[in-house]
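> here's my sequence, what's the structure:
(chains A, B, C and D)
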Protein chains: 4
Amino acid sequence: MPYEIKGLNEECGVFGVFGSQEAAHMTYFGLHSLQHRGQEGAGIVSSDGIKLRQYRNRGLLSEVFANPQDLDRLEGTSAIGHVRYGTSGNNSISNVQPFLFHFHDGDVALAHNGNLTNAKSLKQKLEDEGAVFQSNSDTEILIHLIRQKQDLDFIDALKLSLNEVHGGFAFVILRKDQLIAALDPNGFRPLCIGRLSDGGYVVASETCALDMVGAEFVRDVLPGELVIIDENGLRIEHFTTDTELAICSMEYIYFARPDSIIHGVTVHNARKRMGKLLAKEQPVDCDMVIGVPNSSLSAASGFAEESGLPYEMGLIKNQYVARTFIQPTQELRERGVKMKLSAVRGVVEGKRVAIIDDSIVRGTTSMQIVRMLKEAGAKEVHMRIASPPLKFPCFYGIDISTRSELMAANYSIDEMCKMIGADSLGFLSVESLIEAIDIPDAGNAPNGGLTVAYFDGKYPTPLYDYEEGYLASLNKQHQREEKQQ
Amino acid sequence: MPYEIKGLNEECGVFGVFGSQEAAHMTYFGLHSLQHRGQEGAGIVSSDGIKLRQYRNRGLLSEVFANPQDLDRLEGTSAIGHVRYGTSGNNSISNVQPFLFHFHDGDVALAHNGNLTNAKSLKQKLEDEGAVFQSNSDTEILIHLIRQKQDLDFIDALKLSLNEVHGGFAFVILRKDQLIAALDPNGFRPLCIGRLSDGGYVVASETCALDMVGAEFVRDVLPGELVIIDENGLRIEHFTTDTELAICSMEYIYFARPDSIIHGVTVHNARKRMGKLLAKEQPVDCDMVIGVPNSSLSAASGFAEESGLPYEMGLIKNQYVARTFIQPTQELRERGVKMKLSAVRGVVEGKRVAIIDDSIVRGTTSMQIVRMLKEAGAKEVHMRIASPPLKFPCFYGIDISTRSELMAANYSIDEMCKMIGADSLGFLSVESLIEAIDIPDAGNAPNGGLTVAYFDGKYPTPLYDYEEGYLASLNKQHQREEKQQ
Amino acid sequence: MPYEIKGLNEECGVFGVFGSQEAAHMTYFGLHSLQHRGQEGAGIVSSDGIKLRQYRNRGLLSEVFANPQDLDRLEGTSAIGHVRYGTSGNNSISNVQPFLFHFHDGDVALAHNGNLTNAKSLKQKLEDEGAVFQSNSDTEILIHLIRQKQDLDFIDALKLSLNEVHGGFAFVILRKDQLIAALDPNGFRPLCIGRLSDGGYVVASETCALDMVGAEFVRDVLPGELVIIDENGLRIEHFTTDTELAICSMEYIYFARPDSIIHGVTVHNARKRMGKLLAKEQPVDCDMVIGVPNSSLSAASGFAEESGLPYEMGLIKNQYVARTFIQPTQELRERGVKMKLSAVRGVVEGKRVAIIDDSIVRGTTSMQIVRMLKEAGAKEVHMRIASPPLKFPCFYGIDISTRSELMAANYSIDEMCKMIGADSLGFLSVESLIEAIDIPDAGNAPNGGLTVAYFDGKYPTPLYDYEEGYLASLNKQHQREEKQQ
Amino acid sequence: MPYEIKGLNEECGVFGVFGSQEAAHMTYFGLHSLQHRGQEGAGIVSSDGIKLRQYRNRGLLSEVFANPQDLDRLEGTSAIGHVRYGTSGNNSISNVQPFLFHFHDGDVALAHNGNLTNAKSLKQKLEDEGAVFQSNSDTEILIHLIRQKQDLDFIDALKLSLNEVHGGFAFVILRKDQLIAALDPNGFRPLCIGRLSDGGYVVASETCALDMVGAEFVRDVLPGELVIIDENGLRIEHFTTDTELAICSMEYIYFARPDSIIHGVTVHNARKRMGKLLAKEQPVDCDMVIGVPNSSLSAASGFAEESGLPYEMGLIKNQYVARTFIQPTQELRERGVKMKLSAVRGVVEGKRVAIIDDSIVRGTTSMQIVRMLKEAGAKEVHMRIASPPLKFPCFYGIDISTRSELMAANYSIDEMCKMIGADSLGFLSVESLIEAIDIPDAGNAPNGGLTVAYFDGKYPTPLYDYEEGYLASLNKQHQREEKQQ
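Below you'll find the predicted structure:
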C-alpha cells in the first residue's frame, strides 16, 4: 500500500469456535470484525471431528475468501482463524496462519497473536537438535516444543512448552476434537471468551468479534490461563501461576476497536478519558478541537468536552481508500496523504485549531496533517497527542519498528514541534494514561496492569534475545542526549 | 454488494482537466475523491491534441485501473473522467462512461451526471429518424442531437442541443483540443471550476476533487452556463438565459463530501446547522446524542451542540467493509448491518440515546440500527432525521427508486416510528432545511435555490416522460391517505 | 502476446442457434471450436423470446466466461456468438461483438465475420446525416443502414441494406424471435447450416462447430443468401442474385480447422493435395520431410507421400504456450520462437531436411525456423511453401497487414531464400493451389470459385475505399521492380 | 480441469541453474519447456549469494508468474525451479515446491521429482522423534534427515540421508553458494546437465529445457550420483555405488517431450520404433493409420511406415483447450472429449482405420475416441497401443492411481476391446518395448536399463511401505483371474 500513513502495526487477530453448525462461516465473520488487527493475510482451519482442513492466503479476508467455495469446503463444527499483519520482507504465503500440521497421530492447527522474546534462541536450539522450520513465524516454535515431548499427553506437553516460550502470546489451537486458547503470564495481548446461544463457545482477540457473531461475553482470558473446550464443555487450567497483568497500553491507545471491552474497560471510553486528561495537562487556547479520523475521534471528543471548546469535523477520511498501484507523478507528488484524509476548508479556515492524534511514530503523517490544515486556511495548528511520547520498541507483539525510526526517541518535543510545523505540541503523561484506562481488576499490578514500556523503557520481563540490541540502541540515545546538553 | 444498507444512490461524478502534463493521472486522483458519487464503474478519456484514448470498466476506480499501464496509455494534456452508479439490471460495460465517439471529422467524448426527463421521447424520436443507440444511458442522446446539426459548428450545435434536453445534467465533453462543461438551467447537480498552478484548468462535480489535485477554486458553474476551455484559456458562454437555481438539496443532506463547498456553503457546516435546527424543532430528553457514521456525524454534532447534550461515539463504522460473496447462514442471518456498523456497548448501555441519521429511505437500516442499539443495552432510542420525510422520487439524477419503496410515502411518522422500533421519531422541516443550507447567492430563487421536491412533491420543472407515472403514483397515495382517514 | 510468430490473422468466427433449450451454452461450445478464428475477444447474446441479453469481453472464450454465472444469465432458446481477432490499436471493449442494440421497437444483435470495402465512405455519409458510431467496427454500419429504412419491415430493410455494403461478410443477426444469417455475393467467408436432433438449427463459420454441438450438417450458405430461422422453421431467401463464388483461398491454406468441410472440401485433404502438388512442382533431394506444426502438417504429409520421402516429426509445438508478460532478457533474447516450437535434434541432426510451411508473411518466423533446425544439426534446410507467394493484401476479412510488410511483395524468391537462410525455397503455383482445393460445385466461377488475389492482385470486386491506397502501393512495387532490373 | 482425458500424470519437473546473470528468468524459461511434467503448481527459489528468495503458487507457470515483478524480485545468479502435478485432495499451496527452509546457519531450498517408497515409515519415525512436517510432500523428509546430522558438513549429511530414502528421486537443492543435484540409485527419473556459453551450469529433468535456455548438453546424471556446482565449477560425487539403471519406461512411452534425449535416446525416435515393432507384432488390415495427438503421433508414423499404410490426420487436437468451469448440460453432455479432440470426417469416412495410442489407463478416453471415429463414418476402428498393458502401479513417481482403476489389471484384452467398442485391439510386447528404446549405455542392467514393472509386476527394488498394499491388490487379481478360468 504505497500511501501507508501509519507507522504502528498490530501483529494479528485470532478467533476460534467450538460447537457451531457453521464454524468456518462464523470464523469468517469473527475475523471480519478483527480485520483492523491485520490486513496482510488471513486463514481458517476447520475440524469436522476427524480431519482438519485449511484455507489461507495473502490479502484482506474478503480477498482471501473471494470464492465462497473456499469457505464452504471448510466443513465441521469447530474452527480457528487468523488475520495477519506482515512486514513487507516477510510477506510470504508460508507465514500466513493458522498453521496446520499433519501428524500420523493427529492433526494440529495453531494461530498466534504476539511476539516471543526468546524465539531466536529457541529456534536455534531446536534447529541444532534437527528441527526444520518452514516459516519465519514464532508460532511454529510452539509445535516443535510440544512434539519434543512425545511421552506426555498433548495438554501436558503444551503446558510445559508454554513455560519454555517467553514474551507476549495469545494462542488458539485446534485439534480434531478440541479447541484450546492460551495467554502469556503477563496477558500482553487481549483474549476473551464468548458463549453462543446454542451452547458453543468462541474465543477472540476482542469482544467486537463476539458481538459480530452474536456470542455473549463470558470473561477475559487471564494471564497464564489455558482454556480447553471440547465435547465436555469449557474448562480453564493454568500453565503457570507466576503471573502479573501487564496488558499492552497501545491496545487501548490505538489498536483495539473502540467498541471492544478489554478487562472491563470500553476502549472508546478510555480514549475519551485520555482526551480529557490531555486537555487538563496540555490545554490549548484556540477556536476548535478536531481529531484525526478514525482512531483519534474518541480522544478529540474528550479533549473538546473537557476544554469546553467546540468539537469539529475539520478532517475527514476518504472511505474509498484502496490499494492502488497508480503513482502520482510530478505536480501530484506528496499528495499521498490526500488519498486518505481531507481538510474541511469551510471548518478550519481562519481558525486556531487543536488537532488531536493518538500517537506520533515517525512523524511523517503529523507533518502532512499540519500542512494540510494550514493549506486549508487554519491560522494556528496545535497538535496534542493522547498518549506519551513513543521512545522504546515493543517486544510483545506490536511492530513499532526500530528505535531509530521513532521520532520521540531521537528528538526533543520542541524539535518535534518544529519538524512537524505545528504551533505547539503536547503529549499525555504516563500517569494520566494509566488513570484514563483504569483497569478495574488490575489489583496490585504495576502501572495499573498496563505495559507502558514504550514510553519509559521499563519492560515488565527480561528481553532475552532482544536484550543486547535494546541496550545498544539505548546507548546510542544516551550519547545523543549527552551531545544535546 | 449484498449488505447494502443505503437506499439512496448518486448517479455519478465527473471530472475534466485541460492543459496539464499528466492529465490522465490527475483525472484518476480527481475521480478518487469523487468515488463516493459512484462505485459501479469508472473511466477516463484523454486527448493528446490529435487522438482521444479511452479506458473504462466496471468496479471501483482502483479496480478499473488495477494495472498502471492502462492509465499510462492515456496520453495527452487533457482528459475527462467519470465514476458511475448503476442499478443492477443496468450494469453493463456499455453504460460505463465517458463515452467516446470516433467521427471522420473528429472524436468526441462525453461524461454526464444527472437524469434527463425527456430522454425516452427524444430517444424514440431519434430512433424513428434512424438513430442507433448502444447504451441505455441518457448521455448518448446529446451526441445524436449534436450530430443532427451538421451545418452548425460544434459549439452552436451543442448549445441548440442542450436546449432540447430537459432535466438535470452536468456534462463534461472532450474534443481533441477543447474541454467543455455544461450545466442544466436549474443547476440541479453541482459543478465547479478550478485552476492549476501551471495555468491549466479543471472542472469537477465537487470541490473536494480540486483540493485533491491541488487546484485553486475559481467558481461554481452556474445554471445554463457553458464553460469552454482551449488553448486560448477559459471562457464562459450561455446556452440559455432562462435559468433559476434549484440545486438538489440531497447533495447537502447526504451525497456530497462534507469538505466540499457548493455554492459557497461547506457541506459539513450545512449538515451541522441541520442538526442544530433539528434539535430546536424535535428536542429529545435523553442522555446523549450519537450519529450514524459517517454521513450523519456532522448533523449529530450540531444536534448535540444545540441541545447541550454530550455527543458520543455510540456507533462505529467498520473501515474494512468490502464486497463479499460470503453469505451468513443460519444463526448468522440478519447480521448484515453488523458487517458495516457496530454499537459501542460501553457507551450506550443503560442510556437514553438520540440517534441522528440523515434520511430514511426504505427504513430497513433504521430498524437494524435501533435493534443494534437496544441489543447493546440502550434504554431508550430516539431517532431524529436531519431532513424532511422523503416522499417523492427524484427525476434529476438521484436514484430514490420508486415511491412504493419510500417508507415516508406510504406510512405516517407514527407508523414509521413503530415499524422502526424507536421510542420516538422526528424529522427536520422543509423550512429549517432551507434555512440550514442558506445558499448566499440564491437571490430570489424559490426555496433558497434548492430543490425540495422529494419532500413536498413540487417539482421546479415539468416532468415530461415521467409526468404520467408520477401522477399515477400520486393517485395511489391519495387513495391510501383517504383510506387512512 | 509477445511471442506471436504468425503474421496472418483471421478476423472472426460466428455462431448462431435457434430453438435449443440451452442456446447460450451451445453457443459457448460452438465458439470454443471456432476459437482459432479469433482470440482477442468473445461474446454471446441470447434471446428468451422477449428480451436480448449480452455478455462479452476481451480475451479467450474461457477467460471471458471464467465465471459460469455470466453464461447462466444468458437465458433463452436462441443465441448468437462471436470470437474476434483485433489489431492491437483496436482492441477496445467497444469493438467486441456481438453488438446489441436496444430500440424502443425491439432489440437487435449482430455479429460479423468479414470486411466491408466501402465502410469508410458509408460511415462518412451516415455520419454526415447525423449517425453516431461507438465502435470502429464495420458491423455497426449495417444496423444504421437498416434503421434508416423505418418504413420497411426488418427483412426488407435488411435486404436493401445488404445491397449497400460491399466486400466480404458473413452476418448473424438475432432478434427476439428470429435468427438471420447472410453471406456476401461472392461468399468470401465460409458459413454453414446445421440441424439439431430436437429440431433446432445452428449456423456457424465452420462445420467443426456443428460437430462440436452434435448438429447435422445441412448445407453451406451460398453467396447472396439470407437464412431466416424462426418458429416456422428455416427458409432461405436472396438479397441479390448477382453472385459468383470467390471464397477466400486462405481459409483452405491456413485459417480453417483441418476437420472442417467447406463447399464439400475437407480442409485437411485440400492441404494434403497442396503438399503433393508442391512436391511435384518443387521437388527436393533430401532425407526427410517435416512440417511446421500444426497448420502445415497436412501439407507436409502430402509432400512426403508424393515424393516418397520419410515424413518426420522434426519440429514439435509446445502445448503450453500461454500469454506471458515475462520477457527473456540478455542472453535469452531471440528465444521467443522457442517458447512455441522446438527442433528435434535426434531427428534432424546430420540430415538434409525439407521443411513445409503453409505461407510466408513477413518472413521472421521462417528465419527462426531455419536457424532452429540448423542449430539442431540439420545439414541442409530446404523450405517449401504450400501456397503461392503472398504479394497483395486482402480486403475481404483477413488481416494481411499492409503490402510493405509482405516479404514476397518486396523481394524476389532468391532474395527471400537468402534472407531466410534456407538452402532452397519454393512455392506452390496458383494453378496447383486451385487444383488442390477443387471445389466441386464451383461451376464456372473463375479460379475454381476461389479468391487468389493475394497472389495475383486480381480482385474479384471493385475495391471501393481501398482502391486508391492499393494502386499507390502497386505503383511503389513497380518502381522497385524496375530498379531491380 | 473437468475434461481431463488422460489418467497418467507425471509428478514433476525440476530445473536448476548456477552462475547466470539472470538465473530466475532462465529458470522460468527452463520450466516453461518442462510444463508438460506438471501443471498444478510452480515455483522458483533464487540465491544472490547471501539470501534465498522464493515465489510459488498453484497453477500453470504463466499464471503463477502473471506479474513480472514476482519474477524480477528473485534476484541472484543461481536458482532452482519446479513444476508440479498434484492430486486433487493434495493441491494445497503448502505442497508447491521448491520448499525453502531458513536455518540460522543458512537457507536451503529443495525441489523433487519422484516418489519415496519408505516415506511413510521415515516420516512416522521422524515425527516420533519430534519432527514437524508442514506439507504432505516426500521432499520435506530429506531436509529432516539432513538436519539430524548436525555434526556433519552439509554434503556428508546429504550423502548419508540419500542412503536412508528409497524409491525414485531426482533432487535439486539450492544453498546460498551451491547448487546440488542427486539421482536415486536406479535412476528412475531423468536428469541431465547442461553448460551455458558463459560458463554457468544448468540441471534439468529433460534436455528440452537445455535447448530452451541455450545450454549445451553435457551428460545425463547417472544413478547414485551427486552433482555439486559452486564457484569452483562442477564436480560429480557418489552417495552410493550400489546402483543399477532402471529408468521409468513410461518416460519414453508417454511423459517426456519427443525432442528430449534421455540416456542417448531421442524420445520421438524410440516412440517411432515402438510403432514399427507394434506394426510387426499386431498388424492390421486397413486403409490408414492415425495417431491420437499429440503424444501418439510418433508411434503412429512408425506404425504406418512399417506397415506400408498411409499415415493420415484423422484426429486433430484443439489448440485452445483451456481450463473451463462451463459445464455442458443436457443435450451437450458427454461431449467433453470433443473439447480436446475432433475426428476429421473427410479423412476417416468409409475407411477402415488403425488408431494408435500410447497407452490405456482407465479406458474411458479410448471408448470416446472409438465412438468419435465411428460417428465420423469410420467403417472399422482397430486400436493398437504402442506399449504393453498397464497392470501394475508405479511407486517411483508416476501417478498410475490404484490398480482397481487400471483397465488392463481387471480385464482381458478381449474384454477391453469389447468395452472400448473397437474392432480389434492389440498391445506391444514388453520385449519389443525394450528393443524399441534400446538405451546404448544400459550395460548389463536388466530390461535394457528400464523399469517395466507396470507391465510385469516385477519391481526392481523392495516396495517398503507399499509392499503390503501391493500384495493385497495382487491377491485380489489372482482371485479374479481364477474366477475367470
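
> point out where chain A drops to low pLDDT.
A:1-10, A:86-92, A:321-336, A:399-403, A:473, A:477, A:480-485 (pLDDT under 70).

> buried set for the one helix or strand A:T365 maps to?
Using DSSP states H and E, A:T365 falls within helix A:364-375. Applying a neighbour-count criterion of 16 or more other Cβ atoms under 10 Å in any protein chain shown, one finds A:364-374 buried in helix A:364-375. Quick note: C-beta positions are derived from backbone N, CA and C, even for glycine.

> and which of those is nearest C:G314?
Checking the buried residues of helix A:364-375 against C:G314 with Cβ to Cβ, the nearest one is A:T364 at 63.2 Å.

> from A:V292, how far off is that closest one?
13 Å (Cβ to Cβ, to the nearest Å).

> re earlier: now the helix holding A:T365, how far from the centre of its chain.
26 Å (Cα atoms, centre = their mean, to the nearest Å).

> which SSE is immediately downstream of that helix?
Following helix A:364-375 in sequence, per DSSP H and E, is strand A:380-385.

> can you give the domain ranges for chain A?
Here the domain parsing of chain A from automatic domain parsing is A:12-243, A:267-439.

> what does the stretch 351-485 of chain A put close to chain D?
The stretch 351-485 of chain A has no residues near chain D, with proximity defined as Cβ under 8 Å from any Cβ of the partner chain.

> mind listing the strands for the stretch 351-485 of chain A?
In the stretch 351-485 of chain A, the strands defined using DSSP state E, counting those that start in this stretch lie at A:352-357, A:380-385, A:398-399, A:424-427, A:450-451.

> can I get these in a markdown table including mean neighbour count?
Shown next, in a markdown table, are these (neighbours: other Cβ atoms under 10 Å in any protein chain shown):
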| stretch | mean neighbour count |
| --- | --- |
| strand A:352-357 | 26 |
| strand A:380-385 | 25 |
| strand A:398-399 | 20 |
| strand A:424-427 | 21 |
| strand A:450-451 | 26 |
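
> so for chain B, which of those sits nearest?
Nearest to chain B among those is strand A:352-357; the distance by Cβ to the nearest Cβ comes to 13.5 Å.

> how far away from the center of its chain is that closest one?
Offset of strand A:352-357 from its chain centre (Cα atoms, centre = their mean): 25 Å.

> stretch A:458-472 too?
Taking Cα atoms, centre = their mean, the mean C-alpha location of stretch A:458-472 is offset from the chain mean by 20 Å.

> quick one: contacts of that stretch?
If you take Cβ atoms under 8 Å, 6 or more residues apart in numbering or on different chains as the criterion, stretch A:458-472 is touched by A:117-121, A:166-167, A:186, A:244, A:246, A:393, A:395, A:446, A:451-453.

> at 6 Å instead, please
Residues from elsewhere that reach stretch A:458-472 (Cβ atoms under 6 Å, 6 or more residues apart in numbering or on different chains): A:117-118, A:120-121, A:166, A:186, A:246, A:395, A:451, A:453.

> for that stretch, measure first residue to last.
End-to-end distance for stretch A:458-472: 15 Å, by Cα to Cα, to the nearest Å.

> got the buried residues for that stretch?
Residues of stretch A:458-472 classed as buried: A:459-461, A:463-466, A:470 (neighbour count, 16+ other Cβ under 10 Å).

> tabulate the residues you listed (JSON lines), appending distance to B:I141.
Converted to JSON lines, those look like this (distance: Cβ to Cβ, whole Å):
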{"residue": "A:Y459", "distance to B:I141": "70"}
{"residue": "A:P460", "distance to B:I141": "71"}
{"residue": "A:T461", "distance to B:I141": "72"}
{"residue": "A:L463", "distance to B:I141": "71"}
{"residue": "A:Y464", "distance to B:I141": "73"}
{"residue": "A:D465", "distance to B:I141": "71"}
{"residue": "A:Y466", "distance to B:I141": "69"}
{"residue": "A:Y470", "distance to B:I141": "70"}
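
> which of those sit farthest apart?
Spatial extent of those (Cβ to Cβ) is set by the pair A:P460 and A:D465 at 16.6 Å.

> how far away is A:I155 from chain D?
18 Å (Cβ to the nearest Cβ, to the nearest Å).

> again with A:A170
21 Å.

> from B:N186, how far off is the nearest residue to A:N447 once chain neighbours are set aside?
In this structure, A:N447 finds its nearest non-sequential neighbour in A:I434, 5.5 Å apart by Cβ to Cβ, 6 or more residues apart in numbering or on different chains. Distance of A:I434 to B:N186, computed by Cβ to Cβ: 60 Å.

> dig out what A:V353 forms beta bridges with.
Note on A:V353: beta-bridge partners A:M288, A:V381, judged by DSSP bridges.

> helices of the stretch 51-200 of chain A, residue ranges please.
Assigned by DSSP state H, counting those that start in this stretch, the stretch 51-200 of chain A shows helices spanning A:61-64, A:68-72, A:119-128, A:139-147, A:154-164.

> and among the ones you listed, the most buried is which?
Among the helices of the stretch 51-200 of chain A, the stretch with the highest mean neighbour count (mean count of other Cβ atoms under 10 Å in any protein chain shown) is helix A:139-147, at a mean of 24.

> now the helices for the stretch 301-450 of chain A?
A:345-348, A:364-375, A:407-410, A:413-420, A:430-437.

> hmm, what's the outermost residue in chain A?
Going by Cα atoms, centre = their mean, the residue of chain A most distant from its centre is A:G350, 37.7 Å out.

> got the contact list for that one?
Each residue near A:G350 by Cβ under 6 Å, 6+ apart is listed here: A:377, A:379.

> quick one: the strands in the stretch 151-300 of chain A?
Going by DSSP E, counting those that start in this stretch, the stretch 151-300 of chain A shows strands at A:167-175, A:178-183, A:192-195, A:201-204, A:216-220, A:225-230, A:233-238, A:247-248, A:261-262, A:265-266, A:288-291.

> picking that back up, so is the helix holding A:T365 next to chain B?
No: Helix A:364-375 is not in contact with chain B by Cβ under 6 Å from any Cβ of the partner chain; minimum separation 8.5 Å.

> what residues does chain A put near chain D?
A:93, A:101, A:103-104, A:124, A:127-128, A:130, A:132, A:134, A:143-144, A:147-148, A:150.

> and which of those residues is nearest chain C?
Nearest to chain C among the residues of chain A next to chain D is A:I93, at 20.1 Å by Cβ to the nearest Cβ.

> for chain B, see how far away the closest one is.
Taken as Cβ to the nearest Cβ, the span from A:I93 to chain B is 20 Å.

> distance check, the residue farthest from the centre of chain A against A:M313.
A:G350 sits 17 Å away from A:M313, going by Cβ to Cβ.

> need the contact list for A:R56.
Here A:R56 is in contact with A:43, A:96 (Cβ under 6 Å, 6+ apart).

> isn't A:L425 right next to A:M383, touching?
Yes: if you go by Cβ atoms under 6 Å, A:L425 and A:M383 touch, sitting 4.9 Å apart.

> chain B versus A:K418, what's the distance?
Using Cβ to the nearest Cβ, we find A:K418 at a distance of 25 Å from chain B.

> before we move on, what about A:L234?
As judged by Cβ to the nearest Cβ, A:L234 and chain B stand 19 Å apart.

> and the nearest residue to that residue once chain neighbours are set aside, how many neighbours?
Spatial nearest neighbour of A:L234, excluding adjacent residues (Cβ to Cβ, 6+ apart): A:Y201 at 5.4 Å. Neighbourhood size, A:Y201 [other Cβ atoms under 10 Å in any protein chain shown]: 23.
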